[in-house]
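J.: mind looking at a prediction? Sequence and model below.
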Amino acid sequence: GYNTLGAAPLVLAMRATMKVGTSLARLGVTRRVLALLAALETVAAQAVRPAVTTWTANTFAARITEHSVCHKALEPTKEISKLWPESQQQETMDIIEDFDEGKEYPHFRLFGEDSSFTPPDPSEITLKLINMGPGTTATRSVWHFGCDMGYSQMHYNQACNVSPEQKALLDELIDLHFLVHQECIGKQLREPKCRSQTVLDQFRSVLIKLATSGVQGLADDPLVSFLPQWLELKPDLKVMMTLRDPEEWAVSRIEHKWDELTRCKDRDKKSASLLFYLDCMQGTEYVSDNLTTMKEEGDTILLSTLLEEEAVRFSIHCKAVTDLVPEENLHELCMFDYNPLITEEEARMKEELRDVYNFAMNS
């Protein structure tokens, strides 16, 4: 990231000096010379690098700055490719316009007129923190850090510091997620198990159980797909959001699990985020009535244009999160801003993660 910040010449010069110092060390020169050179490199890097985040020690809330390599994640582009089919081109423009206008979306609710479920007592909610960064934004690295701190967490289909009963709840949620994507959408099933109301009630049940199970932290898809519901259960939930350059994310995501990404078919029944797929199922008879996968849509357009569209949708997801979560409960984090080869930066990254976890888990 130093090249974009204009710091490359000075830092590279210091690193060249470090290489010389290493050669001298092999010749028997004291380690104090190496220590001095390392300290000078750190000072040089910090002196020329603008702040990439508003975070300060012993606090939770933070926003990335324009100097972060992830800053484009919060700036959706309007440069829609002319190669897209006209229908997709118009739909994406509609989504961006809704984004710019701050449109409010009717999120699926756990408790309401069409629900037979009763809200649990607030004291029963054990969920404290969720990382809303979509997969491939360093969610796994952050998750491992919290696991090493001893916190009970889940990441996709993995869990740490949990009981067999808690892991069984995660497995139940994952199975339900794949029922929606592989059976109800993938095979276009119109069977009782794919009736929207049946599936939504199953989600209601497992989400409530998971939030009151003793689990403290969640991360990665599909757990992040239910942010509106997690906030309905715990309005003051602390939310971390790992970020990435949108175009880099799109390439990485499509290489991994892009066929699991969903979209609403009906423009009038859109979701605020490409991940909040429960919103699309409201008012439909079967799951596939208003849900399709990005893989099916991608078969009709060039991969390059699909990447561009997903980059836009990534930014829209990030904005959807910032719209839903109060600023004091949101921590934006760009792990790609930190160079682990520089001791000072690695230490700051660990300090930030440690503070964020401790603040959230003890609040």
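T.: That came in fine, so what should we check first?
J.: what about the residue nearest to Met149 when sequence neighbours are not counted, how many neighbours?
T.: Spatial nearest neighbour of Met149, excluding adjacent residues (C-beta to C-beta, 6 or more residues apart in numbering): Tyr357 at 5.6 Å. For glycine as for every other residue, the C-beta is placed from the backbone atoms N, C-alpha and C. Using other C-beta atoms under 10 Å as the criterion, Tyr357 is surrounded by 25 other residues.
J.: Tyr357 belongs to a helix, doesn't it?
T.: Yes. With DSSP: H, G, I helix; E, B strand; the rest coil as the criterion, Tyr357 is part of a helix.
J.: got the contact list for it?
T.: 129, 145-146, 149, 151, 217 (C-beta atoms under 8 Å, 6 or more residues apart in numbering).
J.: need the buried ones from the residues you listed selected in ChimeraX.
T.: Entered in ChimeraX, the line below selects the buried ones among the contacts of Tyr357, by 16 or more other C-beta atoms under 10 Å:
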select :129,145,146,151,217
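J.: the contacts of Tyr357 in helices, which ones?
T.: 145-146 (DSSP state H).
J.: which of the contacts of Tyr357 sits closest to Lys167?
T.: Gly217 (14.3 Å; C-beta to C-beta).
J.: hey, what's the closest residue to that closest one other than its chain neighbours bridged with?
T.: If the residues on either side of it in the chain are set aside, Gly217 comes closest to Gln153, at 3.9 Å by C-beta to C-beta, 6+ apart. Per DSSP bridges, the residues bridged to Gln153 are Cys160, Gly217.
J.: okay, Gln153: pLDDT?
T.: Per-residue pLDDT puts Gln153 at 98.
J.: check contacts around it.
T.: With C-beta under 8 Å, 6+ apart, Gln153 has these contacts: 143, 146-147, 159-162, 215-219.
J.: pLDDT and distance to Ile342 added to the residues you listed, as TSV?
T.: Converted to TSV, the contacts of Gln153 look like this (pLDDT from 0 to 100; distance: C-beta to C-beta, whole Å):
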residue	pLDDT	distance to Ile342
Trp143	97	23
Gly146	98	23
Cys147	98	25
Ala159	98	33
Cys160	98	28
Asn161	98	31
Val162	98	35
Val215	98	35
Gln216	98	31
Gly217	98	28
Leu218	98	31
Ala219	97	26
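J.: now, of those residues, which are buried?
T.: Among the contacts of Gln153, those classed as buried by 16+ other C-beta under 10 Å are 143, 146-147, 159-162, 215-219.
J.: kindly indicate which of those residues lies nearest Asp279.
T.: Nearest member of those to Asp279, counting by C-beta to C-beta, is Leu218, at 18.7 Å.
J.: residues in contact with Cys318?
T.: 73-74, 241, 243.
J.: out of these, who's nearest Phe108?
T.: For the contacts of Cys318, the nearest to Phe108 is Met241 (20.8 Å; C-beta to C-beta).
J.: and the closest one, that one's in a strand?
T.: Yes. With three-state DSSP as the criterion, Met241 is assigned to a strand.
J.: contacts only, for it.
T.: Neighbour list for Met241: 131-133, 318, 321-322, 330-333 [criterion: C-beta under 8 Å, 6+ apart].
J.: farthest pair within these?
T.: Farthest-apart pair in the contacts of Met241 is Asn131 and Thr322; separation 14.4 Å (C-beta to C-beta).
J.: more neighbours, those two?
T.: Counted by other C-beta under 10 Å, Asn131 and Thr322 do not tie: Asn131 has more neighbours, with 27 against 16.
J.: looking at strand pairing, list the partners for the more buried one.
T.: As for beta bridges, Asn131 partners with Ala219, Met240 under DSSP bridges.
J.: surely it touches Ala219?
T.: Yes. Between Asn131 and Ala219 there is a contact under C-beta atoms under 8 Å: 3.9 Å.
J.: thinking again about what came up before, which ones among the contacts of Met241 map onto helices?
T.: The helices, defined by DSSP H, take in 318, 321-322 from those.
J.: roughly how far does Ser271 sit from Cys264?
T.: 6 Å (C-beta to C-beta, to the nearest Å).
J.: for these two, indicate the residue with more neighbours.
T.: For Ser271 versus Cys264, neighbours defined as other C-beta under 10 Å are more numerous around Ser271 (28 against 20).
J.: which residues touch Ala73?
T.: 243-246, 249, 314-315, 318.
J.: let's see it at 6 Å
T.: 243, 246, 315, 318 (C-beta atoms under 6 Å, 6 or more residues apart in numbering).
J.: read off the pLDDT value for the closest residue to Ser271 other than its chain neighbours.
T.: Nearest non-adjacent residue to Ser271, counting by C-beta to C-beta, 6+ apart: Asp279, 4.1 Å away. Asp279 is assigned 91 on the pLDDT scale.
J.: so how far is the stretch of helix or strand Leu176 belongs to from its chain's centroid?
T.: Under the criterion of DSSP states H and E, Leu176 resides in helix 164-178. Offset of helix 164-178 from its chain centre (C-alpha atoms, centre = their mean, to the nearest Å): 20 Å.
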